[in-house]
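Trainee: heads up, no residue letters with this:
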């Protein structure tokens, strides 16, 4: 597996060792909205973004925002993949192509902030 956050400028990929978690029960994302936070439980695959195809639709996009991210489980870990061709999706302040998510990772999907939480709590 490779992680885009390990390289400089987000364009250099480095191999990483990924331990498999025993359980990912309770994993969720915390979406920070202008009117307050919303917690969304994650299933096997969840799409978050502004388009009508997303299972979690972000507010404030109207017809001008196209950003979308798919979050899914793979080998016991949650992964994130930028589905957008237009717009800005960042993880830890760097452009996201795809990444292995860790507890507390912050994604910027267009104008919205999304925080990944490994377990409920």
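Mentor: Yep, that arrived. Everything quoted here is computed from the prediction, not taken from an experiment.

Trainee: I'd like the mean pLDDT over stretch 92-101, please.
Mentor: Stretch 92-101 shows a mean pLDDT of 92.

Trainee: Could you give me the buried positions within it?
Mentor: 94, 96, 98, 99, 100, 101 (16 or more other Cβ atoms under 10 Å). (C-beta placed from N, C-alpha, C; glycine too.)

Trainee: show me the contacts for the closest residue to residue 78 other than its chain neighbours.
Mentor: Nearest residue to residue 78 in three dimensions, chain neighbours excluded: residue 101, at 4.4 Å (Cβ to Cβ, 6 or more residues apart in numbering). Taking Cβ atoms under 8 Å, 6 or more residues apart in numbering, we find residue 101 in contact with 71, 77, 78, 79, 80, 116.

Trainee: beta partners for the residue nearest to the spatial centre of the chain?
Mentor: Centroid-nearest residue in the chain: residue 80, 4.7 Å away (criterion: Cα atoms, centre = their mean). Counting by DSSP bridges, residue 80 is bridged to residue 71, residue 99.

Trainee: Residue 95 is in contact with residue 67, correct?
Mentor: No - Residue 67 is beyond contact range of residue 95, at 11.8 Å (criterion: Cβ atoms under 8 Å).

Trainee: tell me, what's touching the two both at once?
Mentor: 82, 88, 89.

Trainee: Columns neighbour count and pLDDT on top of these, output as TSV?
Mentor: Below are the shared contacts of residue 67 and residue 95 laid out as TSV (neighbours: other Cβ atoms under 10 Å; pLDDT from 0 to 100):
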residue	neighbour count	pLDDT
82	23	95
88	14	87
89	22	93
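
Trainee: how much distance is there from stretch 47-66 to the middle of the chain?
Mentor: 14 Å (Cα atoms, centre = their mean, to the nearest Å).

Trainee: Likewise for stretch 111-121?
Mentor: For stretch 111-121, the distance to the chain centre is 8 Å (Cα atoms, centre = their mean).
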